[in-house]
Structure formats: structure tokens, C-alpha cells
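K.L.:
Give me a model of this one.
(2 chains)
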Amino acid sequence: MKRLLRMSYLVAGLAGVGFFAMSILLLGVWPGQALERQIEQTRPQHPPAPTVSEQRGRVIYGREGCAYCHTQQIRYLDNDVRRFGKATLAWETIFDYPQLWGTRRVGPDLSREAGVRSSDWQFTHLYGPRGVVADSVMPAFPWLFDGAPDRPNQEARDLVDYLETLGRNRALAGPEGEAHARESCNCSDDERRYAFGTGLLNASPAMARRTGDFPKLAAGDPARGREVYRQNCLSCHGPRGEGDGKGAAGLHPRPANFAEREYTVDRLSFAMWNGVSGTAMPAWRELPMADLAAVAEVVRGFHAKQPEPQIPQAVLELGARVYSDRCAQCHGTTGAGDGSAAAQFPIAPTNFRTQRPDIATSLRALREGIKGTPMAPWAGELSEAELSAVAYYVRTFFTGGAP
Amino acid sequence: MIKSRPAAAPPAVETPLVYAHGLAALVTLLISVCFGFLAAMEMVAPDVAGGSPWLTWGRLRYDHTQGIMLGWLGNAFFAFLYHAVPVLSGRSVTSPKLGQWLFGLWNFAVVLPGWILVLAGHSQPLEWAEFPLVVDAFVVLCLVLAAVQFLPPFFSRGLEDLYVSSWYIIGGLVFTLLSYPMGNFVPELVPGARGAAFSGLWIHDAVGLFVTPLALAIIYFVIPAATRKPIYSHFLSMLGFWLLFFLYPLNGTHHYVFSVIPMIAQIGAITASTLLGVDVIIVVANLLLSLRGTGWFPGDPALRFVGTGTVFYLIVSIQGSVQAQMSVNQSVHFTDWVVGHSHMAMLGFASFAALGGIVHAWQRIPWARYHAGMINAGYWLLFAGLIMMVTDLTIAGLVESSAWKSAAPWIESVRAAKPYWAVRVLTFVPIGAGFLFVMTGLFVGEPGDGLKSIQRELGLEPVEAIAPRFAQEVG
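P.N.:
Model (predicted):
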């Protein structure tokens, strides 16, 4: 009996080690082989491997614990796919040594961060997150900068380079890559739906678009508007809409100064719905329509209406001549920002039909240019009379005056 | 064949090593709790550290959990093992000299440099594996040394005489040695989703194969030693043990439910997680039946700590089984619910058990100071603080989950969670004070008062008369 008992303990001891080996085989090695097969079936031919800078950025991302608040894994679930985009495929993770999937989401998932934000937004956000997201609890990373958000050191540049790789290869695979993966993936109908469904590859509601539709906004509730503005807009655009919020200093171009421009509601709706492509202004498609309407009201309220001066016809004619010579190529003959050269710039030229800058604002832009945009200074090219004539002239395009 | 011999007399316990590891455990505990407090604080006031890279949230978070697992629980387990292994096996540990090396390496080649390197920006972004690889190498070395130190006394004794606590000690030490390299090295070599499958295993093995067995070893040891009654059922003990070692390693993938990892592996892990809840019911039933007659809050603080730890073990395991289910997991995964769950596991179960183990060992060091009042006060503070924190984080998790399911912008979930994060900061007061009270209770008071006070209270015979009997009765 004693001998038998001793044997049983020995058998049990071996079984114990066996259990552990079994767990590795069943839940590590075997799934790994299945994933390997799926990767081979679904991957595009030559997904670009991360550059040295991007790899360094990944190390910084790991070192600072980013993965402990931001997951990099869109689960095969409606809520994940709706919020972040198509579910993560195994081949998307082939360069991830080690994986950074994460198990906690304090901030949003970053699997599809590539192309969502402008680099000045990313830098400002890393330098001082509350400069662009008022209620963020993200740590600030000033040691990645030389004292200012627009002076990133190599580490901050590496980190932002890395962020731009997240989801990049899936986007680069394009429709052909998606079709190939969809057809050759040995996955269930559910998996297929989440990984290749009808939704957007990148569902980030902040992704800016150059063109697109926008909602017609009704009148909004001013009290709600002030609250939404405080939560989402104030950190960049400032308490009085003067474009001087905490985060403004690092952003190029600077956030719009609402106090010195008059906007049509449609222009504000477009900018909130689609963002301002090429700038740090993200889209706010996630906000309820009533909130967008309320904010539009608040933003329009920052501009104090001034009596329109009577401009002599001769001045306007001079302005029209200068405009057609110098400005129309970008800003368009009707001031709609749709000149023949407009499309080649990363930032759309101002559309004067939907926003009317004050005279002083136009003059400053004409004299000094607008930093961070293709708008060049014209002080050396044009006389003072021409500058002010064109500053008056562009105001005539505005379509949103008194009805 | 190994010849088994009952020990003639209780072998020498290396009390200086019990004391040294106990002291190191409590010091690293307080430091780890401070890391946690600072990290919690920064979620309420993110700029409170003034932009210092050494105090940034991510690095504090790494040091918090590594400090708790390796610094606090590691040292506490070693302290307990130096007390328990000679009693259980009737043999001395392999070598006091080796013990000094193990103590030095564990604290000054693992915990301290690990903390500093993480704060300086050298780490590994893998959960429960945040210390850099160079430190991991020393961890593995120390685990080997620990195996050399603590396992031979059992084997020279003969396997059939093993008490259940010994099984857990052997299992814990061997499986930690096996699983630690897997969790720390494999994901560096196997990328992405494939590596995550291994990380998932380790996230669970760290708790299931290191913390749980050694915490249960303490509980299985302290209950009979303090109550002077045997464990209710040796059969249930063995059943629980083997089910645990069969099921625990199969749980890992439940950290990545709804991921790209093959669904059948996920379902397997979820099934194992469900069965694990059943196993824990068996284990805890056996333990609670062994505690019959001591009341909910026994007078002996060591027994009280392990008793409460047992109840938390039951609650946290049932919770774990429930939250592994797909319908629950999709709601609470990624939220503070899970942070609450892990605090219940590491604080409510493992730390209560470890405190019980240390207090129990302390009571049996003739020259150690001991103040029962302080320890009891610490118990109540910890009990209250833990309940407060877990309740708070659980609600926070549900709030976050419902915000994510709505169409509201992401930042709404952050705004909604802020009041709960503020409450979590407040729980530092009872928890920090609780640990401080327990620690104080072990360093003030009369030398040798630990056992005397219990013996006075219960009118019981001294433990020295009992230890050899263990060795004989079980065989």
C-alpha cells in the first residue's frame, strides 16, 4: 500500500509538470501555429517593417507605460468595431516585439491611430495633454521636448513616428489587401464580419476629412454650448475664443481666433463634423447634434459685430484686381477657397464665402502670412494701399451676413 | 528509494532569515503601496509629479505591481518558508549561507535595481513582467536558489509524508521556476498575437502558480498550527491541490477574450476558468470547515488574517469565473472592475495570507517584538480599506463600461470615472495606515510576546510540543 501510494505521488508529480507543459502546448504553441497559418493566409506581400525611428518610438511607448492605458487590440465585438474600426487581424501584429495589446483602457485604443491626428496635435498632447484635451488624465511627457511643445527632441519625434505606424499597414494594404485577407482567411462568419465588415477601417471620430458632407445645425442651447465648449474647445481656442488656450502655443497653424472672424453656421458645422484637415483641429463627429449646434452658437457669439464701413468703389476695384492676380489661384475666383492650386496644399485655403475676417485680421495675415500654412507674407510684394484694398475686397465674398 | 524517517525533534528554524525576509517584505510593501498611491494620485491630479520622468504614471505603475509581487509577496513567502519548511519536513533548509545569498540577491539584485531601472526608463512593457530582462535573469537565478534551499528537505523526507502545505510549496516553487521565463522571455521572441498568447498564460500563472500556491501553503499551514486541529479533509486538500494545478495554467487566454487568438483556445480557457471556481469552492470549503469554532474574527491575528484571506479567495475566484464568461467579459474587460478584482486577489487574498504567515512566524521567534493591539488595528484598517477600494473600483468599472457602450465621446468615460478614482486615492489612508500598524505591531511591544499572548489567551500548550507531532500524524 505504501509503495503504491509513493508511486501515485510520483505519477502525480510528473502529471503536475505535464499539466504545465500541456497548458503551454494548448494555449501557447497550438494557438500560435493557428495564428501563424492565418498570418500566412491573410498577410499582404510586403508590409513595411518599422524604421529605426519607429522602433525607438516603440521602446519609448513601452517604457512610459502607454500600453497600460491604451490598448492596441480591437476586439471582435460590436462596441469595439463601432468605436475604433475593423477588428485587429493577426498579421497586423507581426512586427510587435513584444506585443503591446494591453489589458486596461483608460484612454482610447490606438490600433488605428495612424493618420488620425496632426503631428503638432500629437506633440502638444504629449507635452501637455490638457492643452488639447481638457479633461484628460494622461501624464505629460515634457522630457521628450526641449522646453516647448513645438520643440520635440528626438525621442518625441520617434514616439510620434511610432504612433503613425499603428494601423498603417492595414490601411496600406488597401482594398486589394482586404479582399485577399477576407477571401483567404479561414475564419468564422462572426470573425469575418468584425474584421472585414461594412464599417470603416478606422472609425476614429476625430479623423479629419478635407471634403465631406456636414449636418445642418438648428439653434442650440447656449448654456449647454458653453459647457461643451469648455470641455472640448477651450483648451485650444481659449476662454474668449481668441485662439489662445493652453495648447495653442504648440499648434501650427494656431487655433482659430473666433473673435476676429465671422462664420456661417455651415462653416462651423463643416469644421466640427469633418475637422480642419492639415491642422490640429480634429473632427467631432461623436458629439450629439444638439451639442454641435450649441457650440456653433457659442463660437459665433465670440465675434462682436461691427458696423460695416462704406468702402469706395475704387478701393474695391483695386482689391479685385490684386485678388485676381495674387489670391484667386488659391482662394478661388469666387473666394470659395477652391482655386486651381488649392488642392495641392495640405491645408485648404480660406473660404471667404463662409468666413469673414475682420479688416485687422486680414491685414495681419497679408502682411505676415500665417505660420503653419502656405499663406505667405505679402508685405514686400504689395503696397499698403493694395494690401488694405484686398483686405476689404475679400470681405465682399461672405454669404452669411444679415439675411 | 528514499527512506522516510519521522523527525526526532523539531529542526532549527533560521530565525534571522525569517526576520530579515519579514522585515524586507514589510519595507518593500510600504514602498510598493506608495508607488500605487502616487499612481492613483496621478489619475486624479495628472501633473502632481511636476513632469519628472522618474515619477511618471507608467513607471510607477510598473514598480507598484512588481514591488508587490516580488518585493512584498516574494519576501513574505521566503520568510514563511524559512519558518514552515523545517516544521513541515522535519529537516533544516539546505544552507543558512545560501539563505544569506538568496536574501541579498532577491532584494539587492532583483527588487531594488528593478525598481530603479524601471524608474530610470529601462523596463519591459509586459504585465507582471515589467522589470527589465537583466533583472529577470536574477529572478530566475533566485528561483533556482530557492528551489535548492527549500525543496531538498521535503525530498529527503519522502514524498508520502507530505502535508498539503508542502505540496503547495513544492508546486509553487517548481511551477514559478517553469513559468517565469515563459512570461518574461517568450514574448520578446514571439511577436504580436502569438506572443500575446504566452503573455496571457503568464499573467495568470504569476497569480496562479506563484502567488496562489504559496498563499495557500500559508493558509494550510497557519490554520492547523494556530487552531491545533487538523485540516478538515486531507482528501479535499489533495483534490483541491491537483485540480488547481491542472486548471490554473489553462486559464491564461481569458485575458484576451474576443481577440484574434483562436476562439477554441479562448473557450477552453473560459471553461477552465469556470471549473477553477468550482475547485476554489472545494478548497475554501475545506479551509472554512477547518476553521470551525474559531469565529469569523479569531483572536489570534495570524489566524484572523488567513481566515479573512480565505474568504476573499473564495469571493475573488468566483468573481474571476464569472468575469471570464463572454457575456460578462465583454462588458467589464479593460475597465476598473478588473483593477478591483486584482486588488481583491493580491491584497484581499494573497496579502492577507502573507500577513498571516508573517505574524504567525513572528509569534514563534522568541526574541521578536510583538504588539497584538497594533496588529489588530491594522487588520481592521486593511479590511475596511480593501472593501472600500474594491467596491469603488467595481462600480467605476460598470460606469466606464456603460459609457463605452453609449455613443458618448471617449472622454465622457474618463470624466465619469474621476470621482471613483478620487475615492480610490482616499483608500490609501486606511490601507497605508493598516500596513503601517501591522508593521509597527511587529517591531514594538515585548520580545517574545507573540506566542505568550496567544497561549495566555487560549490556555494552550506551546507550539514546540506540537511540531514533531505533525510530522508523525500525517504519515
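K.L.:
Next, count neighbours for residue 126.
P.N.:
If you meant another chain, say so; for now it's chain A. 27 (other Cβ atoms under 10 Å in any protein chain shown). For glycine as for every other residue, the C-beta is placed from the backbone atoms N, C-alpha and C.
K.L.:
Chain B is the one I meant
P.N.:
Around B:Leu126 there are 25 residues (other Cβ under 10 Å).
K.L.:
residues contacting the residue lying closest to B:Asn251 once chain neighbours are set aside?
P.N.:
Of all residues not flanking B:Asn251 in the chain, B:His204 sits nearest, at 4.4 Å (Cβ to Cβ, 6 or more residues apart in numbering or on different chains). Residues near B:His204 by Cβ atoms under 8 Å, 6 or more residues apart in numbering or on different chains: B:248-249, B:251-252, B:254-255.
K.L.:
between these, which is nearest A:Thr71?
P.N.:
B:His255 (11.6 Å; Cβ to Cβ).
K.L.:
where do the strands sit along the chain?
P.N.:
Chain wasn't specified; assuming chain A. Listed in chain order, the strands of chain A (DSSP state E) span A:261-263, A:355-357.
K.L.:
switch to chain B, that's the one I care about
P.N.:
B:369-370, B:446-447.
K.L.:
Any chance of these in CSV with mean pLDDT as columns?
P.N.:
Listed next are those as CSV, based on pLDDT from 0 to 100:
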stretch, mean pLDDT
strand B:369-370, 94
strand B:446-447, 88
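K.L.:
tell me the contacts of A:Pro374?
P.N.:
So A:Pro374 contacts A:330, A:345-347, A:349 (Cβ under 8 Å, 6+ apart).
K.L.:
do you know which of the strands of chain A lies nearest chain B?
P.N.:
Relative to chain B, the nearest member of the strands of chain A by Cβ to the nearest Cβ is strand A:261-263, separated by 22.7 Å.
K.L.:
The closest one: partners in the sheet, and parallel or antiparallel?
P.N.:
strand A:355-357 (antiparallel) (DSSP bridges).
K.L.:
what's the average pLDDT for the strand it pairs with?
P.N.:
The average pLDDT within strand A:355-357 is 94.
K.L.:
Then stretch A:27-40?
P.N.:
Stretch A:27-40 comes out at a mean pLDDT of 94.
K.L.:
so where do the helices sit in the stretch 1-150 of chain A?
P.N.:
A:2-24, A:30-42, A:52-63, A:78-84, A:119-127 (DSSP state H, counting those that start in this stretch).
K.L.:
now, which of the contacts of A:Pro374 sits nearest chain B?
P.N.:
A:Ile347 (25.0 Å).
K.L.:
which residues touch the closest one?
P.N.:
If you count contacts by Cβ under 8 Å, 6+ apart, then A:Ile347 has A:253, A:276-279, A:373-374 around it.
K.L.:
Could you dump those residues into a markdown table and include distance to B:Phe305 and pLDDT?
P.N.:
Output for the contacts of A:Ile347, formatted as a markdown table (distance: Cβ to Cβ, whole Å; pLDDT from 0 to 100):
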| residue | distance to B:Phe305 | pLDDT |
| --- | --- | --- |
| A:Pro253 | 62 | 94 |
| A:Val276 | 60 | 95 |
| A:Ser277 | 61 | 92 |
| A:Gly278 | 62 | 92 |
| A:Thr279 | 59 | 95 |
| A:Thr373 | 66 | 93 |
| A:Pro374 | 70 | 92 |
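K.L.:
out of those residues, who's nearest A:Ser388?
P.N.:
Nearest to A:Ser388, judged by Cβ to Cβ, of the contacts of A:Ile347 is A:Thr373 at 21.3 Å.
K.L.:
How many residues are close by that closest one?
P.N.:
19.
K.L.:
before we move on, the earlier item: please identify which of the strands of chain B is closest to chain A.
P.N.:
That would be, of these and by Cβ to the nearest Cβ, strand B:369-370, which comes in at 37.4 Å.
K.L.:
Does anything pack onto that closest one? Which helices or strands?
P.N.:
Here strand B:369-370 touches strand B:446-447, helix B:449-458, going by 3 or more Cβ pairs under 8 Å, 6 or more residues apart in numbering or on different chains; DSSP states H and E.
K.L.:
Need the winner for burial among the ones you listed.
P.N.:
Per residue and on average, the most neighbours among the helices and strands packed on strand B:369-370 fall to helix B:449-458, with a mean of 17 (mean count of other Cβ atoms under 10 Å in any protein chain shown).
K.L.:
Setting the sequence-adjacent residues aside, check what's closest to A:Trp121.
P.N.:
A:Ala280 (3.8 Å).
K.L.:
does the one you found really touch A:Asp120, like I thought?
P.N.:
Yes - at 5.2 Å, A:Ala280 counts as touching A:Asp120 under the criterion of Cβ atoms under 8 Å.
K.L.:
The two: who's more crowded?
P.N.:
Comparing A:Ala280 with A:Asp120 by neighbour count (other Cβ under 10 Å), the higher total belongs to A:Ala280, at 27 against 22.
K.L.:
Sort out which residues of stretch B:387-402 are buried, please.
P.N.:
Of all the residues in stretch B:387-402, those buried under the rule 16 or more other Cβ atoms under 10 Å in any protein chain shown are B:388-390, B:392-401.
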